[in-house]
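Asker: just a sequence and a predicted model for now, questions to come.
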Amino acid sequence: MAELTVEGSSEKARWTPGEVTALVDYLHDHRAERGEAGNFKETTYNAAAAALRPLYNGIGAIKTGKMVGSKWATVTTYNVIESYHSQSGVHWSNDCGANIQGEDATVLWTQYLERKVQYFLSISPIRYTY
């Protein structure tokens, strides 16, 4: 198995489905630790990385708090977009996204994202697609 060090490593994290599920479950269990903007603090991401360490299979880098934060942002954003474009009356393309233009549309999109992330964290443990 690979050596369990991360300092100075340029290797990228490779996430298994089990690690992503464990991450979502961990952050759901610690949802009270979110800040005012709905984001977790670095200490929570670091603790999640430590909790994921037993799942490490020797492939890719050992997950750090920074990697956990990036993965969480990716998972929540993906699910928000999936939820958004499945609604009736909204536009989405993989080339132009929602084609949000103008200050008012940007404000509405930002509010939508914030509500959805809060919702995903508030319901019972869920399984995200990734």
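Answerer: Arrived safely, thanks for sending. Please read all numbers here as calculations on a predicted model, not as lab measurements. Residues are numbered from 1 along each chain as shown.

Asker: which secondary structure elements does the helix or strand where residue 51 lies sit against?
Answerer: Under the criterion of DSSP states H and E, residue 51 resides in helix 42-52. With contacts taken as 3 or more CB pairs under 8 Å, 6 or more residues apart in numbering; DSSP states H and E, helix 42-52 sits against helix 17-29, helix 65-85. For the C-beta atoms, the positions are set from N, CA and C on the backbone; glycine is no exception.

Asker: which of those helices has the lowest mean pLDDT?
Answerer: When those are compared by mean pLDDT, helix 65-85 comes last with a mean of 81.

Asker: what's the angle from it to helix 42-52?
Answerer: 100 degrees (axes from the mean of the first three to the mean of the last three CA atoms, to 10 degrees).

Asker: could you point out the helix or strand that follows helix 65-85?
Answerer: Counting by DSSP H and E, what follows helix 65-85 is helix 103-122.

Asker: now the angle from that next one to helix 17-29?
Answerer: If you take the same axes, to 10 degrees, helix 103-122 sits at 90 degrees to helix 17-29.

Asker: and helix 103-122, what's its mean pLDDT?
Answerer: On average, helix 103-122 scores 72.

Asker: same question, stretch 30-40
Answerer: 83.

Asker: gap between the two ends of it?
Answerer: End-to-end distance of stretch 30-40: 9 Å, with CA to CA, to the nearest Å as the criterion.
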